[in-house]
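*Asks:* Show me how the following folds:
(chains A and B)
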Amino acid sequence: MAGESRAVAGNGRAAATGKQERNEVFVEYTKSICPVCKVVVDAQVNIRGNKVYLRKRCRVHGPFEALVYGDAQAYVASARFNKPGTIPLTFQTEVREGCPSDCGLCPEHKQHACLGIIEVNTNCNLDCPICFADSGHQPDGYAITPEQCERMLDAFVASEGVAEVVMFSGGEPTIHKNILGFIDAAQARPVRNVTLNTNGIRLAADKAFAAALGERNSRQGTVNIYLQFDGLDERSHREIRGRDLREIKRRALDNCAGAGLTVTLVAAVERGLNEHELGDIIEFGLAHPAVRSVSFQPVTHSGRHRQFDPLTRLTNSDVIELIAAQRPSWFREDDFFPVPCCFPACRSVTYLLTEGTPGQPGFGVVPIPRLIQVEDYLDYVSNRVVPDFAVREALEKLWSASAFMGTVTTEEKLRAAANSLNCADACGVNLPGAVANLTQRAFMIVVQDFQDPYTLNVRQLMKCCVVEITPDGRLIPFCAYNSVGYREQVREQMSGVRIADVVPNATELQPLLAESPYGSKIARGQHRPGNGHRTAEATNVGRRAVPPAGRPQEMRP
Amino acid sequence: MTVEPAAASAEVKACCAAAYSRDAVALLLGESYHPGGLALTRRLAHALGLQPGWRVVDAASGPGTTARLLAADYAVTVDGVELGESAVERARSAADEAGLSSRAQFHRGDAEHLPLPDAIADVVICECAFCTFPDKAAAAAEFARVLRPGGRVGITDVTVEHGLPPQLRTLAAWVACIADARPVAQYVDILTNAGLATVSIEQHDDAIAQMVEQIEARLTVLRMSAAGRLAAAGVNVDTVLRYTALARQAVAEGLIGYCMLVAQKPA
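*Replies:* Predicted coordinates:
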């Protein structure tokens, strides 16, 4: 019984002092991938010291563990905010190998796509030290053609019927020569809103471009801007973007305001770099006429990024704690609620009603969850009866990955949510009516922790509602696209250049890492895929759990 | 809201309680609001041991959210009694829409004179309303009357221990909900005098702290959106916000609290 004695030796370092307690609570069994070779492996989620960790073991590369949520109580409590998914009109793939090998969407996927992303190119006018897309001034790569864009839009519309939001991204989408045509192609289809994900360089320099977007924003659907904006300190810019872009961001924002474009400031947040600036970014956004929301995203450790420790990375709850700590008179942690359309641990959102300008007399801010009992509507486990289903429907659209400020849907639903402030027309003031008039001053704050090869949990992935639309017409959940190898696959197909699997730049992996041609890290000796080892899958092993009696199964390696 | 000095007097309090403060509470909290929300309602249902098929009376049922929750989740039949006619109508149509009209019925009436026969209810519940009843003894006697022998009453309500701090008494005249709140022991006495023996008491002071915060949030929004009309109505938001800050402090010091109380009629 060699195996048994090994197991005892492994756990029972205290044979002399008797049995010991484990130092963690085992809460989930799931699947993930090896961050080095991307082989699918079993994984477990454990709670230790009020923090949530995902742990897995690759037969070749050994054990890996990463922090996935900094507040275990909040993680457990968030499970109630889980909405039954909606089945898309079509699936693009079939179930063969199981998640995450069949993307997508495969018929086992639990949610339709709230947001579809089209990456129009791999080239960029920046070479940021942090870029999950591994983009930049590069000799190879690809840019999609108008025909490809139309096919991608058609695939998305076939799946969604009426699509709420398409995001054009890259690379840097504003340097694609056809970007305005792509937006027109989206607006020619049943796509309610278009969001342009940009670093702002062209918007800062090219007022005619901003005006062309503004003109498209005043059509039936809206166009709004998702502006990379990591902070106000010069150091944050230099460390995250490689140069000081502060003046460019200011000019881009002013040109957006001039063109009537609504902007979301999008901050990649990294420990030790710009985590101290969250309150300042919100305050800056509240003061700028073009800005109606801020999205904080802990840096996704896919693609290019700085060296990091997976055990101390930032998570959603850490970001929320930092926001509350940096602006305690505006926010509490419980002003944020999980988004129920995706997996609730992935994204949290709050909305504010504001008055005046921060720093000036008369400024006021009220988080909407202090006015509405959000949990009475969005806790799907406890509530079979909700006070008002129209209000639930409104809150579902607001607490959604498809919610962007400036869209007709979001404005409508903010007004509808105001109806839950049901009160008589007391003291001559009709509160729902008054609040509905305030929705032009509403402000959204999103906290979204995208998964990376360390944190990937198929339980979350299977309900992901943010998809990358690929040129061959697949809809691949965003975190699968970035973590599992689909990004490398698509770039290789599109550019004709071999692309090695990107490996996270984790401190513990340094001895294994080599530089890729794009600045990201790859495994040593892995410049070409297929050079590496092959590992038997640890999961879906395709044989009985216990060999039939008398027929000893082949020993596993 | 600056309150006339005379409003502090007991007579004014009594006559204002029904009308003026009801409006103010609706303005600041919404009429279906009660501290602790649906989660505390479920906790109360659990403490009462609701069984499928039981008949429940909800005294001051507002727009019927609790009645629908109990009917749907606990398979009980609910008689909601509510003073406000429009609330009764809305409760009926919401129950209808939810397909619950056979199990959630609503009656216009006063908790001090429940329009229901003797001994019909397995359970009476009353959420954040008992403290607003001018004649609490009469309401308690009514609860006892409609309960079957062995039936239980479940109350969640504001408590005020050792009287309110002086600075808060003017606010109290304005929000009747706090004005006539009593110490837990007095609620127990009122129920005991009506023949209802208290079997459990739980404190849920967080719920009242949240309520104060909600009042503050709504006031701030009112100031943003309708400052002129508020001023015309004699409401000085800054003054009220000073009161709510005091109220928050009183909650933190344990002077104002929220309790869940279950009492039983002898079998």
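
*Asks:* low-confidence ranges in chain B?
*Replies:* When the per-residue scores of chain B are filtered using pLDDT under 70, the ranges that remain are B:1-33, B:167-179, B:229-230, B:233-235.

*Asks:* quick one, helices of it?
*Replies:* According to DSSP state H, chain B carries its helices in the segments B:10-18, B:20-29, B:37-48, B:65-74, B:85-97, B:136-146, B:166-174, B:176-179, B:184-193, B:205-232, B:237-252.

*Asks:* Give me the buried positions along the biggest helix by length in chain A.
*Replies:* Of all the segments of type helix in chain A, defined by DSSP H, the longest one is helix A:146-160. By neighbour count on 16 or more other Cβ atoms under 10 Å in any protein chain shown, the buried set for helix A:146-160 is A:Gln148, A:Cys149, A:Glu150, A:Arg151, A:Met152, A:Leu153, A:Ala155, A:Phe156, A:Val157, A:Ser159, A:Glu160. For the C-beta atoms, the positions are set from N, CA and C on the backbone; glycine is no exception.

*Asks:* Pick the one among the residues you listed closest to chain B.
*Replies:* Nearest to chain B out of the buried residues of helix A:146-160 is A:Glu160 (Cβ to the nearest Cβ; 28.9 Å).

*Asks:* Next, the contact list for that closest one, please.
*Replies:* Under the criterion of Cβ atoms under 8 Å, 6 or more residues apart in numbering or on different chains, the neighbours of A:Glu160 are A:Pro88, A:Leu89, A:His112, A:Ala113, A:Gly116.

*Asks:* Return the longest helix of chain A as CSV; C-alpha atoms alone will do.
*Replies:* Once non-C-alpha atoms are left out, helix A:146-160 reads as follows in CSV (Å, rounded to 0.1, in the frame of the first residue of the first chain):
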residue,chain,number,x,y,z
PRO,A,146,-14.9,44.9,-43.5
GLU,A,147,-16.2,41.5,-44.7
GLN,A,148,-14.9,39.8,-41.6
CYS,A,149,-16.4,42.4,-39.4
GLU,A,150,-19.8,42.0,-41.0
ARG,A,151,-19.5,38.2,-40.5
MET,A,152,-18.6,38.7,-36.9
LEU,A,153,-21.6,41.1,-36.3
ASP,A,154,-23.9,38.6,-38.1
ALA,A,155,-22.7,35.8,-35.9
PHE,A,156,-23.4,37.9,-32.8
VAL,A,157,-26.8,39.0,-34.0
ALA,A,158,-27.7,35.4,-35.0
SER,A,159,-27.0,34.5,-31.4
GLU,A,160,-28.7,37.5,-29.7
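
*Asks:* Which residue, neighbours along the chain excluded, lies closest to residue 191?
*Replies:* Answering for chain A, as no chain was given. A:Ala163 (4.6 Å; Cβ to Cβ, 6 or more residues apart in numbering or on different chains).

*Asks:* Chain B was what I was after
*Replies:* What sits nearest to B:Leu191 in space, not counting adjacent residues and going by Cβ to Cβ, 6+ apart, is B:Ala263, at 4.6 Å.

*Asks:* Tell me which other helices or strands the longest strand along chain B touches.
*Replies:* For chain B, the longest strand by residue count, based on DSSP state E, is strand B:147-160. Contact here means 3 or more Cβ pairs under 8 Å, 6 or more residues apart in numbering or on different chains; DSSP states H and E; on that basis strand B:147-160 packs against helix B:37-48, strand B:121-127, helix B:176-179, helix B:184-193, strand B:256-264.

*Asks:* would a markdown table of the helices of chain B with mean neighbour count be doable?
*Replies:* Compiled in a markdown table, the helices of chain B are given as follows (neighbours: other Cβ atoms under 10 Å in any protein chain shown):
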| stretch | mean neighbour count |
| --- | --- |
| helix B:10-18 | 14 |
| helix B:20-29 | 21 |
| helix B:37-48 | 20 |
| helix B:65-74 | 24 |
| helix B:85-97 | 18 |
| helix B:136-146 | 22 |
| helix B:166-174 | 19 |
| helix B:176-179 | 24 |
| helix B:184-193 | 17 |
| helix B:205-232 | 19 |
| helix B:237-252 | 17 |
